[in-house]
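Asks: Compute the structure for the input listed below.
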Amino acid sequence: MEAYALLLAATLNAGTVLAIAALGLLINEKAGIVNLGAEGIMLCAAVAGFAAVVHSGSDGLGFAAGMAAGALLAAIFGWLVIWLGTNQYATGLALSLFGVGFSAFVGIGYVQARLPERPRFNGLGLGDLPLIGPALFRHHPLVYGAMALALGLIWFLYRTRGGLVLRSVGESPQAAHALGYPVRRIRLLAVVAGGALCGLAGAYLFGGVTMLQFHLQGQGVQSPSQFLTMLPYLATIVVLALISRNPTWIRVNMPASLGKPFHPGA
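Replies: This next block holds a predicted model:
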């Protein structure tokens, strides 16, 4: 049972990265923008956050640096696709490739750098409870923050006027523009906000594959790192295959103008 508790804890830690980035991309897509450059943003943000912590010793500054790097890259992406009308898919892929190369280049200088000692968390003393304590109450506050963020985003999108405006921009930017809403500025703000969340996810410095691999190796299971690395992509293919079999689900949940450029004068 203890092994399952540790596996659940590792899963929650690792899933936080993906959850925060997914929430950022959800904001993008609700505004009608497809950003395939999330991986590049997260990698650059990871380097920025790591460097900030190494030089300052502050996790807070590390998270802020990661979010700033993510927001900056997302703003550049938004300017290209929203104002210059470049193809969203091609621009996103270019951003992803740029992020992979740039982060590898900049990260060379931090290969031997080490982070300060990581604090141990024990939420309200509940981490000492048998089994459920290590599984649920010894996580970084950002793990619980991601859960609260998901609930908050649901409330924002479906219970506030701002969320309604954001969704209307994604569904019908022409109608939103006719009502006087600055469609392109709203889309840019959504892209920047999504990029900041992707940056926060990158700065969190946890990886699902790494955590899972450490856990399996700790249990005596030897698994090739390449196999574990491919699992997120394999899961994505499976999910996309399942989704594509249900056109009704796609029509209900996907904004009508997703990936389509908008020109106010058109």
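Asks: just for the stretch 101-250 of the chain, where's the confidence low?
Replies: 117-119, 121-129, 131, 133, 135, 206-236, 239-240, 242-244, 246, 249-250 (pLDDT under 70).
Asks: helices and strands around the strand or helix carrying residue 17, which ones?
Replies: According to DSSP states H and E, residue 17 maps onto helix 2-30. Identification of packing neighbours for helix 2-30 by 3 or more C-beta pairs under 8 Å, 6 or more residues apart in numbering; DSSP states H and E yields helix 38-56, helix 132-136, helix 141-159, helix 161-171, helix 183-203, helix 208-218. Bear in mind the C-beta positions are built from the backbone N, C-alpha and C, glycine included.
Asks: buried sites along the longest one?
Replies: Same thing as helix 183-203. Across helix 183-203, burial judged by 16 or more other C-beta atoms under 10 Å covers 183-184, 186-203.
Asks: The first one now?
Replies: The neighbour-count criterion (16+ other C-beta under 10 Å) identifies 38-53 as the buried residues of helix 38-56.
Asks: now, among these, which is nearest to residue 161?
Replies: Distance ranking of those against residue 161, using C-beta to C-beta, places residue 38 first at 27.8 Å.
Asks: Skip the chain neighbours and tell me the closest residue to that closest one.
Replies: Using C-beta to C-beta, 6 or more residues apart in numbering and skipping residues adjacent in sequence, the residue nearest residue 38 is residue 198, 5.0 Å away.
Asks: For the nearest residue to residue 186 once chain neighbours are set aside, give me its contacts.
Replies: In space, not counting the residues next to it along the chain, residue 186 is nearest to residue 169; the distance is 5.1 Å by C-beta to C-beta, 6+ apart. By C-beta atoms under 8 Å, 6 or more residues apart in numbering, the contact set of residue 169 is 31-32, 176, 181, 183, 186-187, 190.
Asks: Tell me the pLDDT of the closest residue to residue 29 other than its chain neighbours.
Replies: Nearest residue to residue 29 in three dimensions, chain neighbours excluded: residue 258, at 5.9 Å (C-beta to C-beta, 6+ apart). For residue 258, the model assigns a pLDDT of 86.
Asks: repeat for the one 3 residues further on
Replies: As predicted, residue 261 sits at a pLDDT of 87.
Asks: And what about it, helix, strand or coil?
Replies: coil (DSSP: H, G, I helix; E, B strand; the rest coil).
Asks: Before I go, just wanted to say thanks for your time.
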